[in-house]
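Q: Need a 3D model of the sequence below.
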Amino acid sequence: PTGRELPRPMVRRVLLALSMQEGWAKSGWASDWGKNIYAPTAFLGTQLDEAREFTVRTQFTAPDGSNVDKTWKVTTKYAATVDLDAVNRYIKGEDPEEDVPRSAIQVLEVVMRSGVSARENTLVIGSSVFFHVPRDGNLYMQLPGGAEAWAGYRQAVKPCQFGLSFNIDLAATAFLTSGPLVEVIAQVLGFRDPRALSEPLNPGYMRQVKDSVKGIRIAYERPGGFVSNKLVLEVGTRPTSHTMFKLDDGREVSVAQYYLTTYKVKLRFPNLPPLNVSAQAGRKVWVPMELCKVVPGQRRRILNEQQTTGMLQFAGLKPQDRMQYLTEVVTRQDLGGFNQDFTVQSFGIQVAEQMTKVQARVLSPPLLAYGQPEAITPGTRGSWNLRELRFPVGVEIKSWAFTTLVPPEFLVPDGPTGTDTFIKDLVNMCNKTGVKCVAPVKGPWDPNDSIEQRIRKAMEAAQTKFKLPCQMVLVLLERKQTSGESPYALVKQAGDSTIGVRTQCFAADKAGIGRNARPPKGRLQYCANVVLKINTKMGGVNVKLVDDPQSPKAVPVVGTMPYMVFGADVTHPTSFNPDDPSIAAVCASYDRTLGRYMTRVLRQGHRQEVIGSMKEVVRDMIKEFYNRNNGKAPAALIYYRDGVADNQFPVVLEHEYTAFREACYSIDPNYRPPITFMVVQKRHNTRLFPSDPAGADKSGNCLPGTVVDTGICHPTQFDFFLNSHAG
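A: Numbers count the residues shown, from 1 in each chain. Presented below is the predicted three-dimensional model:
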């Protein structure tokens, strides 16, 4: 009725009501609940210019508690007939020039999702469907801090060598806890009893309230029963009892006074800030939090450490449990139940209720070289212990420092959880693995210093003690947190961008440091992992790939010739501001041992996936390889490219492969090494489960090195699935 594009849940209600009114159900129609309806028959007509209009009335109670009674006008118009048989022709490879039939695949995706997403307790986000069933512990979990986890599945219809595959995998995401806003705020602040919010809040709590509430949708129930759905545009900086505004007669009153005199409502939480829900610029409409509820289905995109831990526990199913869950999604009518879905049946689709069996093989593990012992093989475990190993190339650190972001009153110098004890363990591990060093000097502590100032003072202390420029600063954090404006991010910004010094962070809770810390478990392994990073950052080599004397081919096909391995990815900004750049990163190996890498970081256009300066980067890296290897150019180039979607394959391949060729030609017109171009994708729905316990590791996952390159792979292109490491 307003001319605006309706939210998909509302479109769903309108179309389902219209279907019931007009008797569409028997046609087996499907919809993406946007602007498209698909059906196996032309029950709405096939004339391009023919538009049909319907009028339908909907009456229901919305999730925010408001009563909706509206009459809608729905217009349908024939758009096109999609040839679903194009999928079969593509799988058979009848036309080598024919592109992926994306329209047909899109129709099948919508058909498979339409019946499930028509239910009130489901929410579709992209290719994922989530179930909102708070009573089912397998599908729902309450997280700390005002969040909740929903389980569901993500789906993809894929052409493969076997035919058409329906790929599903477990999906889980976090949402804001729905319900009374005051109760949600109490959870955010860690209060067991919401009545604690009746007391004044300190500035820290007020900031948490603001960060948690701004930008969310709430249902505001005005005294008298009228409910309206509102967006929180602003959170007041003062309590409701002290937030003032002017009435029409010019008198100034507080929000709390206004509700008392106008609605005879005495607020129970006058110390909470009010919410501005006015969509009109320059005008503020303040409402009290206690009259608001959080509307369900709002994603919580940034999680704190406790919430992240909860999500991992919720979604981290063992392989057999995951397999059982996915089988139930396919077969149970209250979940997916695709074969019982009338829409799926109407399109002549049937889904196998058991997973497809495919042939797999396990690659032989590589031979790794260390300083001591000379060579080891990790076997099929996919992991090995560093405590008894020495790096093939260990660095020497002659000047370094230690500083802390944890206040000294929370630390102790000695004992199992002492700071000095940890530093001693770390230095011992450094020397044991081949990194020569003495204990770092401690930087001075000043609570008023910024992170950058603390790092600079630590560097000055190292310069004073060791009479050499500081090579690295160790930074103690309270806990590991890498998102947003976290201390870790600020340390890296200061060290990498502002000052220009290497930094190595470690978390007090993981390292077992602090007055109230638990006795450290696995301290030596933790120190070994930190030393790995220290040695690499300082220019050392942690491990080398070596030839097996019995079969001198470290890399198949390439053999013993000199070669380079490249890797590249592009990170895009989350904003829609066209001035925000995308950042491309390229790395390449120095030599055939794959122990050390050169890097380039490039700034390019907003959300540009193709790396524009690839030719210049590749040329410079090949020249650097040439200079470091006694004038030998790489005889083969291997390029791993991350982050490329299926529909971007052609353009990325065309531009970046051409850039490699042009880079080689610019060095020497006769220099034409073979180039292996591989796109690596991690975000796919295909999951492999070992059918034989002999092919499983101790967790029940496929063994590291498991490869599947038949059956479920692309019908014409060359691709394969690789389980590259232990799960």
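Q: okay, Pro715: pLDDT?
A: Predicted confidence (pLDDT) for Pro715: 90.
Q: Please disregard the earlier target; I meant Gly394.
A: 93.
Q: Quick one: residues contacting it.
A: Gly371, Thr433, Gly434, Val435, Lys436, Asn535, Gly540 (C-beta atoms under 8 Å, 6 or more residues apart in numbering). For glycine as for every other residue, the C-beta is placed from the backbone atoms N, C-alpha and C.
Q: switch to 10 Å and redo it
A: By C-beta atoms under 10 Å, 6 or more residues apart in numbering, Gly394 lies in contact with 371, 430-431, 433-437, 531, 534-535, 538, 540-542.
Q: These in strands, which ones?
A: Lys436, Cys437 (DSSP state E).
Q: Using the three-state scheme, assign the nearest residue to Asp193 once chain neighbours are set aside.
A: Closest residue in space to Asp193, ignoring its immediate chain neighbours: Ala186 at 7.1 Å, by C-beta to C-beta, 6 or more residues apart in numbering. Secondary structure, DSSP: H, G, I helix; E, B strand; the rest coil: Ala186 is helix.
Q: count of neighbours near Ala186?
A: 18 (other C-beta atoms under 10 Å).
Q: Helix or strand: which one has the residue of the chain positioned farthest from its centre?
A: Centroid-distance maximum for the chain: Asp249 at 52.6 Å, with C-alpha atoms, centre = their mean. Here Asp249 sits in a region with no helix or strand, counting by DSSP states H and E.
Q: next one: Gln106
A: helix 102-117.
Q: in that helix, what's buried?
A: 104-105, 107-117 (16 or more other C-beta atoms under 10 Å).
Q: and the helix or strand of the chain with the lowest mean pLDDT, what does it pack onto?
A: The weakest-scoring helix or strand in the chain, judged by mean pLDDT, DSSP states H and E, is strand 375-376 (a mean of 80). Judged by 3 or more C-beta pairs under 10 Å, 6 or more residues apart in numbering; DSSP states H and E, strand 375-376 is in contact with strand 367-369.
Q: Each with direction, which strands does the strand it packs on pair with?
A: According to DSSP bridges, strand 367-369 has the following sheet partners: strand 375-376 (antiparallel), strand 544-546 (antiparallel).
Q: any idea which of those strands is most buried?
A: Sort those by mean neighbour count, taking mean count of other C-beta atoms under 10 Å, and strand 544-546 sits at the top with a mean of 19.
Q: Please work out which residues outside it touch it.
A: Contacts for strand 544-546 (C-beta under 10 Å, 6+ apart): 366-371, 374-375, 391-393, 552, 554-555, 565, 589, 591-596.
Q: and after it, which helix or strand comes next?
A: That would be, after strand 544-546 and using DSSP H and E, strand 563-571.
Q: tell me the mean pLDDT over the one helix or strand Gly152 maps to?
A: Assessed by DSSP H and E, Gly152 sits inside strand 147-160. Averaged over strand 147-160, pLDDT sits at 94.
Q: and the angle for whichever helix or strand comes after it with helix 102-117?
A: Per DSSP H and E, the first helix or strand lying C-terminal to strand 147-160 is strand 163-176. With axes from the mean of the first three to the mean of the last three C-alpha atoms, to 10 degrees as the basis, strand 163-176 and helix 102-117 are set at 50 degrees to each other.
Q: My guess is Lys424 contacts Ala439. True?
A: Yes - look at Lys424 against Ala439 with C-beta atoms under 10 Å: they come within range, at 7.1 Å.
Q: what about the strands in the stretch 201-350 of the chain?
A: 217-221, 227-231, 234-235, 244-246, 252-254, 275-276, 286-287, 292-294 (DSSP state E, counting those that start in this stretch).
Q: I meant the stretch 501-650 of the chain, not that one.
A: Using DSSP E, counting those that start in this stretch, strands in the stretch 501-650 of the chain cover 502-507, 544-546, 563-571, 582-589, 597-604, 636-642.
Q: per-residue confidence averaged over the second one?
A: What it means is strand 544-546. The model assigns strand 544-546 a mean pLDDT of 82.
Q: measure Ser613 to Pro578 for me?
A: From Ser613 over to Pro578 the distance is 20 Å, taken as C-beta to C-beta, to the nearest Å.
Q: Show me which of these two is the more surrounded one.
A: Taking Ser613 and Pro578 together and counting by other C-beta under 10 Å, Ser613 has the greater number of neighbours (15 against 10).
Q: what sits opposite the residue nearest to the more buried one when sequence neighbours are not counted in the beta ladder?
A: Of all residues not flanking Ser613 in the chain, Leu602 sits nearest, at 5.5 Å (C-beta to C-beta, 6+ apart). Under DSSP bridges, the beta-bridge partners of Leu602 are Ala584.
Q: Quick check: pLDDT value at the residue farthest from the centre of the chain.
A: On the pLDDT scale, Asp249 is placed at 84.
Q: Same check on the one 10 residues further on?
A: Predicted confidence (pLDDT) at Tyr259: the value is 93.
Q: Repeat that for Ser66.
A: 69.
Q: can you check the one 10 residues further on too?
A: The predicted local distance difference test score for Thr76 is 93.
Q: now do Ile455
A: Each residue has a pLDDT score; the one for Ile455 is 97.
Q: next one: Pro556
A: Pro556 carries a pLDDT value of 62.
Q: Same question for the one 5 residues further on.
A: Turning to Met561, the model gives it a pLDDT of 82.
Q: list the contacts for it?
A: Going by C-beta under 10 Å, 6+ apart, Met561 touches Val555, Arg592, Lys632, Pro634, Ala635, Ala636, Pro673, Pro674.
Q: Could you measure from it over to Pro673?
A: Separation of Met561 from Pro673 (C-beta to C-beta): 9 Å.
Q: swap in Val570?
A: Look at Val570 and Pro673: by C-beta to C-beta, they are 24 Å apart.
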